[in-house]
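Colleague: pasting the structure only:
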């Protein structure tokens, strides 16, 4: 009951009620559907029916039923499809030609070629990449994911996660500083990569062999309750993983060396969360009529989206840099457009979607704890169901918003929020900040057009 006089509910621009006391105005967050594109809105409305609803129910149930288990750490050439034969390197994001790549991506590929011994120097490596003598392909095309440049070479060790006979893979995290994923490839970087190949990977694999696999979902569910969000903050998850492996590692040759590396790398568990999310979301790929998003990825030039109902097809649009906090001495003019496969975490429903669980992350990416709560609540509007394995204590243990629906994005105008690191546009400088980036609206419109065309091609029709 209103007792304080006239109240105004404003659905338009705030300037319309500028002359009214703020306490008397309730501003409605309403936006025209389909970002104001009437034709696109009609296509989306035509897909919003029982057929899509049933397909989405199956898709999100399939994703939530997956329980990834970390079973091994093996050289990529032994387990990752398409990388063992010839000279092939994998990279983050949707497909892109070498000639169009950003500085960090090209630098990381040059470093990987040097690491594999395929080139005599950086100039030789770049020439081979540009000529096609060294082939490149997205990680996602081989069941893998990688942060930032995401470059994966045959000799590099990878996490192997599996469930029900399916597998997914991710590289091991190098830590912060001068690292390959930001495009660095000097002797320090190559020496570390060699240690990861010769020591870190084999020792971790030995610690896992013959023992109960690590339940990745349970590990990250517990980490969310301890202040992580699963993308830019992984202190709890890394600690939990290290505690799980420590009793075995401590008794292995060079195991203490590995424990010291894990103790100094708070982000180590990130790549494991990415592999688990990839495995879960691939369970929905190819479910006919489903509008659930199965991948979001960036290559430093374009943002790519995949949707369950259109299988392996990419929808892409230009991507910009994140809006966030920069390290001293750097600014937006230094930032590379967003890159990395790590948005697979948000696609599942953690990362930016679980910011409510991690108020501390706001000190890294900007904003306040209230902003973190508001972001998670906002993501509920564009997702299909809470994830039952990821309850968030600050939201009364409601599950993290999961299963991005392209129709809900178009209906609400709310775009998925991604927590991300910010890379310098020059290869090798490294991380210069962290922040928030929104997925571009264009990719959701492209997906709806393709889904509508597919519906008509099958003769199913749409309203």
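Modeller: Right, received. Where do you want to start? Predicted model only: the values in this text are computed from it and were never measured.
Colleague: please make it C-alpha for all contacts and neighbour counts, starting now.
Modeller: Fine.
Colleague: most centrally placed residue in the protein?
Modeller: Closest to where the C-alpha atoms of the chain average out (Cα atoms, centre = their mean) is residue 343, at 1.7 Å.
Colleague: and the pLDDT for that one?
Modeller: If you check residue 343, the pLDDT there is 97.
Colleague: quick one: contacts for it?
Modeller: Contact analysis of residue 343 by Cα atoms under 8 Å, 6 or more residues apart in numbering lists 295-297, 351, 418-420.
Colleague: swap the cut-off to 7 Å and go again
Modeller: 296-297, 418 (Cα atoms under 7 Å, 6 or more residues apart in numbering).
Colleague: okay, those in a markdown table with distance to residue 433 and pLDDT next?
Modeller: Formatted as a markdown table, the contacts of residue 343 follow (distance: Cα to Cα, whole Å; pLDDT from 0 to 100):
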| residue | distance to residue 433 | pLDDT |
| --- | --- | --- |
| 296 | 21 | 98 |
| 297 | 19 | 98 |
| 418 | 14 | 95 |
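Colleague: check contacts around residue 220.
Modeller: residue 237.
Colleague: let's go with 10 Å and repeat that
Modeller: By Cα atoms under 10 Å, 6 or more residues apart in numbering, the contact set of residue 220 is 226, 228-230, 234, 236-238, 240-241, 269-270, 272-273, 276, 350, 389-390.
Colleague: keep only those of the residues you listed that are in strands.
Modeller: 389-390 (DSSP state E).
Colleague: wait, which of the contacts of residue 343 is closest to residue 119?
Modeller: Here the nearest of those to residue 119, counting by Cα to Cα, is residue 297; it sits at 28.6 Å.
Colleague: and the gap between the residue nearest to the centre of the chain and residue 90?
Modeller: According to Cα to Cα, to the nearest Å, residue 343 stands 17 Å off from residue 90.
Colleague: also residue 55?
Modeller: Residue 55 is 32 Å from residue 90, where distance means Cα to Cα.
Colleague: mind listing which of the contacts of residue 220 are in helices?
Modeller: 236-238, 240-241, 270, 272-273, 276 (DSSP state H).
Colleague: which one of the residues you listed sits closest to residue 150?
Modeller: residue 270 (12.5 Å).
Colleague: pLDDT value on that closest one, please?
Modeller: Confidence at residue 270, expressed as pLDDT, is 97.
Colleague: now do the contacts for it.
Modeller: 146-147, 170, 172-173, 220, 230-235, 237-238, 342, 345, 351.
Colleague: give me the more crowded residue out of residue 55 and residue 90.
Modeller: More neighbours surround residue 90 than the other of residue 55 and residue 90, with 26 against 20 (other Cα atoms under 10 Å).
Colleague: just confirm that one is within a strand.
Modeller: Yes: counting by DSSP: H, G, I helix; E, B strand; the rest coil, residue 90 is found in a strand.
Colleague: which SSE is residue 150 in?
Modeller: In this structure, residue 150 is located outside every helix and strand according to DSSP states H and E.
Colleague: so what's it closest to, chain neighbours aside?
Modeller: residue 92 (4.5 Å; Cα to Cα, 6 or more residues apart in numbering).
Colleague: which ones are touching the one you found?
Modeller: By Cα under 10 Å, 6+ apart, residue 92 lies in contact with 105, 137-140, 144-152, 181, 297-300, 339-342.
Colleague: likewise for residue 331?
Modeller: Contacts of residue 331 (Cα under 10 Å, 6+ apart): 324-325, 424, 432-433.
Colleague: where along the stretch 351-463 of the chain do the strands fall?
Modeller: Secondary structure of the stretch 351-463 of the chain by DSSP state E, counting those that start in this stretch: the strands cover 383-392, 398-404, 417-423, 431-438.
Colleague: between strand 431-438 and the third one, find me the angle.
Modeller: If I follow you right, that is strand 417-423. Between the axis of strand 417-423 and that of strand 431-438 there is an angle of 160 degrees, by axes from the mean of the first three to the mean of the last three Cα atoms, to 10 degrees.
Colleague: so what's the residue count around the nearest residue to residue 32 once chain neighbours are set aside?
Modeller: Sequence neighbours aside, residue 413 is the residue nearest to residue 32 in space, at 7.3 Å (criterion: Cα to Cα, 6+ apart). By other Cα under 10 Å, 20 other residues sit near residue 413.
Colleague: so where's this protein uncertain?
Modeller: 1-6, 10-19, 25, 27-30, 460-463 (pLDDT under 70).
Colleague: how's it carved up into domains?
Modeller: According to automatic domain parsing, the chain comprises the domains 1-30, 34-64+285-457, 68-275.
Colleague: now name the helix or strand holding the residue lying closest to residue 118 once chain neighbours are set aside.
Modeller: In space, and not counting its chain neighbours, residue 118 is closest to residue 125: 7.3 Å by Cα to Cα, 6+ apart. According to DSSP H and E, residue 125 maps onto helix 122-131.
Colleague: repeat for residue 221
Modeller: helix 216-224.
Colleague: burial measure for residue 263, as a count.
Modeller: 14.
Colleague: surely it is in contact with residue 236?
Modeller: No: when contacts are counted by Cα atoms under 10 Å, residue 263 is not listed as touching residue 236 (11.6 Å).
Colleague: any common contacting residues for those two?
Modeller: Common neighbours of residue 263 and residue 236, using Cα under 10 Å, 6+ apart, are residue 242.
Colleague: buried residues in stretch 172-180?
Modeller: 172-174, 178-180 (16 or more other Cα atoms under 10 Å).
Colleague: wait, what's in contact with residue 214?
Modeller: Neighbouring residues of residue 214 by Cα under 10 Å, 6+ apart: 68-72, 161, 208, 241, 244-245.
Colleague: same thing but 8 Å
Modeller: Residue 214 makes contact with 69-71 under the criterion Cα under 8 Å, 6+ apart.
Colleague: let me know the closest of those to residue 385.
Modeller: Closest approach to residue 385 among the contacts of residue 214 (Cα to Cα): residue 69, at 22.8 Å.
Colleague: number of residues surrounding the residue lying closest to residue 364 once chain neighbours are set aside?
Modeller: Distances taken as Cα to Cα, 6+ apart place residue 434 nearest to residue 364, at 6.4 Å, with adjacent residues excluded. When neighbours are defined as other Cα under 10 Å, residue 434 has 24 of them.
Colleague: pretty sure residue 434 contacts residue 367?
Modeller: No: shown here, residue 434 and residue 367 do not form a contact pair, counting by Cα atoms under 8 Å, at 11.7 Å.
Colleague: thinking again about what came up before, nearest to residue 216, of the contacts of residue 214?
Modeller: Distance to residue 216 across these (Cα to Cα) is lowest for residue 69, with 5.4 Å.
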